[in-house]
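Visitor: Predicted model and sequence follow; I will ask about them next.
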Amino acid sequence: MTSNIIDGRAIAAELRGKVKDAVSKLESQPRLAVVLVGEDPASQVYVRSKIKFTQECGMQSVERRLPATATQEEIVETVRALNNDDSVDGILVQLPLPEGINSDAVIEQIDPSKDVDGLTETSAGRLMLGKSGLRPCTPTGCVVLAKSALGDLSGKHCVVLGRSILVGKPAALLFLEQNCTVTIAHSKTDNLPNVCRSADILIPAVGRPEMVKGDWVKAGACVIDVGINRVPHPNKPEKTRLVGDVAYNEAASVAGAITPVPGGVGPMTIACLLRNTVLAACARRG
Ligand code: GUN
């Protein structure tokens with residue numbers, strides 16, 4: 001089977017182009033606020049990218065940085081101030097927050113009309129109930145990528161591997177919304193390789209480097225790899241490299257379509273965040 005590599009960078013660039021067009025038609029620029037607490041290097045890279053692409057799409061960005069020693073109350077106060085700032089359309093609190101901070105309680109403070117990450121109870125509840133609303137960015141990106149490879153997803157068996165709040169659970173609901181038959185598999189699932197092998201669309205989102213082997217993939221299946229894992233470089237001990245949750249070379253020789261890491265799901269997360277920011281701005285302005 002010759003695999004069709006799904007180019008997440010190109011598809012994300014196309015989506016950002018649409019966002020930029022939509023922004024150019026608005027009377028005033030949408031504004032995205034990003035809250036970054038502490039010095040986590042990966043979070044700093046993600047936030048820099050989010051701000052860069054926000055500005056490239058013609059939107060404004062506001063950054064609120066707090067030290068790793070910030071208290072729960074200080075973080076909550078920062079979110080509340082952004083809620084009350086009418087010039088702010090979207091609020092994103094970069095995760096993970098430092099140890100000792102109750103992330104759920106912080107996220108729950110975000111005004112649902114500004115919840116561009118789609119993580120508040122209101123946003124999650126609306127997704128569960130099939131009502132319109134702001135959807136989580138990474139799972140939305142997975143749907144866009146699967147549709148780019150397969151077109152209509154109706155009737156396909158989608159196996160989501162992982163049950164996190166950020167990806168697994170919302171991904172299952174979003175693929176259900178596309179009329180897929182959805183299985184959520186996880187660490188306690190019996191005979192995991194067999195379950196994965198039954199998937200037309202396989203979405204590994206567990207954060208375990210190269211866990212999904214080539215013989216876990218059905219011939220011709222579409223594989224959307226959400227994992228971004230930093231591992232030691234095999235030949236250069238002083239270096240690291242990024243790998244997904246899928247053993248890419250093995251899986252690519254079996255799959256009909258597959259996302260690389262990096263360059264697959266990652267760029268889509270940011271593009272979907274920018275789209276949510278425009279959607280939030282339009283909804284808030286009526
Ligand atoms: N950290 C890793 N992924 C995400 C995401 O999608 N949103 C936020 N806020 N933090 C993250």
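Guide: Everything's here; your move.
Visitor: Disregarding residues adjacent in the polypeptide, which is nearest to the residue in the chain that the ligand sits nearest to?
Guide: Nearest residue of the chain to the ligand (Cβ to the nearest ligand atom) works out as Leu95 at 3.6 Å. From N, CA and C alone the C-beta is placed, and that goes for glycine too. The shortest distance from Leu95 to any non-neighbouring residue, by Cβ to Cβ, 6 or more residues apart in numbering, is to Ser103 (6.2 Å).
Visitor: quick one: the strands in the stretch 101-250 of the chain?
Guide: 157-161, 181-185, 201-204, 222-223, 229-232, 240-243 (DSSP state E, counting those that start in this stretch).
Visitor: sorry, back to before: neighbours of the residue nearest to Leu95, how many?
Guide: Residues contacting Ser103 under the criterion other Cβ atoms under 10 Å number 17.
Visitor: Quickly find the element holding Gln44.
Guide: helix 41-56 (DSSP states H and E).
Visitor: which helices and strands sit right next to that helix?
Guide: helix 8-24, strand 31-37, strand 60-66, helix 265-285 (3 or more Cβ pairs under 8 Å, 6 or more residues apart in numbering; DSSP states H and E).
Visitor: Take the strands of the stretch 101-250 of the chain and write them to a markdown table, including mean pLDDT and distance to Ala149.
Guide: Shown next, in a markdown table, are these (pLDDT from 0 to 100; distance: least, Cβ to Cβ, whole Å):
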| stretch | mean pLDDT | distance to Ala149 |
| --- | --- | --- |
| strand 157-161 | 99 | 13 |
| strand 181-185 | 99 | 17 |
| strand 201-204 | 98 | 9 |
| strand 222-223 | 98 | 5 |
| strand 229-232 | 95 | 23 |
| strand 240-243 | 95 | 21 |
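Visitor: Turn these into a markdown table, columns for mean neighbour count and distance to the ligand.
Guide: A markdown table is the format used below for those (neighbours: other Cβ atoms under 10 Å; distance: least, Cβ to the nearest ligand atom, whole Å):
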| stretch | mean neighbour count | distance to the ligand |
| --- | --- | --- |
| strand 157-161 | 26 | 16 |
| strand 181-185 | 19 | 19 |
| strand 201-204 | 29 | 15 |
| strand 222-223 | 29 | 20 |
| strand 229-232 | 12 | 13 |
| strand 240-243 | 15 | 14 |
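Visitor: Would you mind giving the helices and strands packed on helix 41-56 as TSV with mean neighbour count and mean pLDDT added?
Guide: Output for these, formatted as TSV (neighbours: other Cβ atoms under 10 Å; pLDDT from 0 to 100):
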stretch	mean neighbour count	mean pLDDT
helix 8-24	17	98
strand 31-37	24	98
strand 60-66	16	98
helix 265-285	23	97
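Visitor: if we can go back for a sec, how far away is the residue nearest to Leu95 from Gln72?
Guide: Ser103 is 10 Å from Gln72, where distance means Cβ to Cβ, to the nearest Å.
Visitor: Which residues of the protein lie near the ligand?
Guide: Taking Cβ under 6 Å from any ligand atom as the contact definition, the chain meets the ligand at 92-95, 117, 137-138, 166, 269.
Visitor: Next step: the residues you listed restricted to helices.
Guide: The helices, defined by DSSP state H, take in 137-138, 269 from the residues of the chain next to the ligand.
Visitor: Can you add distance to Arg284 and give those residues back as JSON lines?
Guide: Formatted as JSON lines, those follow (distance: Cβ to Cβ, whole Å):
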{"residue": "Cys137", "distance to Arg284": "18"}
{"residue": "Thr138", "distance to Arg284": "23"}
{"residue": "Thr269", "distance to Arg284": "22"}
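Visitor: Return the member of the residues you listed nearest to Ile11.
Guide: Thr269 (12.1 Å; Cβ to Cβ).
Visitor: who's in contact with the closest one?
Guide: Contact partners of Thr269, counting by Cβ atoms under 8 Å, 6 or more residues apart in numbering, are 137-138, 141.
Visitor: Quick one, grab the pLDDT at the residue of the chain closest to the ligand.
Guide: Leu95 carries a pLDDT value of 97.
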